[in-house]
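# I would like to see how this sequence folds:
(one chain, ligands or ions: 1)
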Amino acid sequence: MQVLITGFAPFGGEKINPAWEAVEILPDQIEGANIVKAQLPVLFGRGAEVLAQLVAVHRPEITICVGQAGGRAAVAVERVAVNLRDAAMPDNSGNAPADEPIMADGPAAYFSNLPTRAMAEAIRAQGIPAVLSYSAGTYVCNDVMYHLLYWIDKRWPQMQGGFIHVPYDISQAAGKPSPPPSLPVPVIARALEAAIGAAVRARRAEAGVSV
Ligand code: PCA
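Numbers count the residues shown, from 1 in each chain. The predicted structure is shown next:
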């Protein structure tokens, strides 16, 4: 089984993105599945285009994108992407769309078709705080998640896809005058490994075969 997992480049003046730092140190195999890792640019539209190319090349059964959600205190397994671009800050090329739909012909929202509850529980079972989240925001992460679920709906129905938001790394929090919640990158990586493991096991159980 192929699992595609992506992180993002740093953005918003940060030197690192803990999502990418954690993705990069994941093992190459989890529960017997091959893990393909890639970085996406923090750009409206282009981030999703890069993801589409990766899916076309690697044909993953499962695609999980991971992004930084500065200020959150737990790893958040996202359940919903909305058809809206509304940037509170410009993306990495200075683009800040407001009140725009992502897809003119798309529904208002999509649910992830991953076993999100089992994934959050698997993270908690590692002793790491995790929640189910019902908003991935209206910035680039939501843009990428919405595109992913739109393609699953229209083009790649065999694929499962979703999104995980992670807190700041402790080094980012340490650099701020009023430190927000944070987790060390290796702990974030353990959370991602647990979530991926839960998704792989569920897929296998559903298929009833060893894919
Ligand atoms: N977080 C941003 C985009 C890239 C990232 O890591 C977001 O939550 O939209």
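# before we move on, what SS does the residue of the chain most remote from its centre have?
Centroid-distance maximum for the chain: residue 177 at 27.9 Å, with C-alpha atoms, centre = their mean. Counting by DSSP: H, G, I helix; E, B strand; the rest coil, the backbone at residue 177 sits in coil.
# Residue 147 now?
Strictly by three-state DSSP, residue 147 counts as helix.
# Skip the chain neighbours and tell me the closest residue to it.
residue 48 (3.7 Å; C-beta to C-beta, 6 or more residues apart in numbering). C-beta here means a position set from N, CA and C on the backbone, and glycine is covered the same way.
# and after the host helix or strand of the one you found, which helix or strand comes next?
Using DSSP states H and E, residue 48 sits in helix 46-58. As assigned by DSSP H and E, the chain's next helix or strand after helix 46-58 is strand 62-68.
# quick one: that following strand to helix 46-58, angle?
Using axes from the mean of the first three to the mean of the last three C-alpha atoms, to 10 degrees, the direction of strand 62-68 lies 150 degrees away from that of helix 46-58.
# residues of the longest helix along the chain that come out buried?
When the chain is scanned for its longest helix (criterion: DSSP state H), the result is helix 185-207. The neighbour-count criterion (16 or more other C-beta atoms under 10 Å) identifies 185, 187-204 as the buried residues of helix 185-207.
# Run through these and flag the ones next to the ligand.
Applying C-beta under 6 Å from any ligand atom, the subset of these adjacent to the ligand is empty.
# The protein: strands as residue ranges?
2-8, 29-30, 33-40, 62-68, 75-78, 80-82, 109-111, 130-133, 160-166 (DSSP state E).
# mind putting the ones you listed in a markdown table, mean neighbour count, mean pLDDT and distance to the ligand included?
As requested, the strands of the chain are exported to a markdown table (neighbours: other C-beta atoms under 10 Å; pLDDT from 0 to 100; distance: least, C-beta to the nearest ligand atom, whole Å):
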| stretch | mean neighbour count | mean pLDDT | distance to the ligand |
| --- | --- | --- | --- |
| strand 2-8 | 23 | 98 | 4 |
| strand 29-30 | 16 | 98 | 21 |
| strand 33-40 | 19 | 98 | 8 |
| strand 62-68 | 27 | 98 | 3 |
| strand 75-78 | 27 | 98 | 10 |
| strand 80-82 | 23 | 98 | 11 |
| strand 109-111 | 17 | 98 | 16 |
| strand 130-133 | 18 | 98 | 11 |
| strand 160-166 | 27 | 98 | 6 |
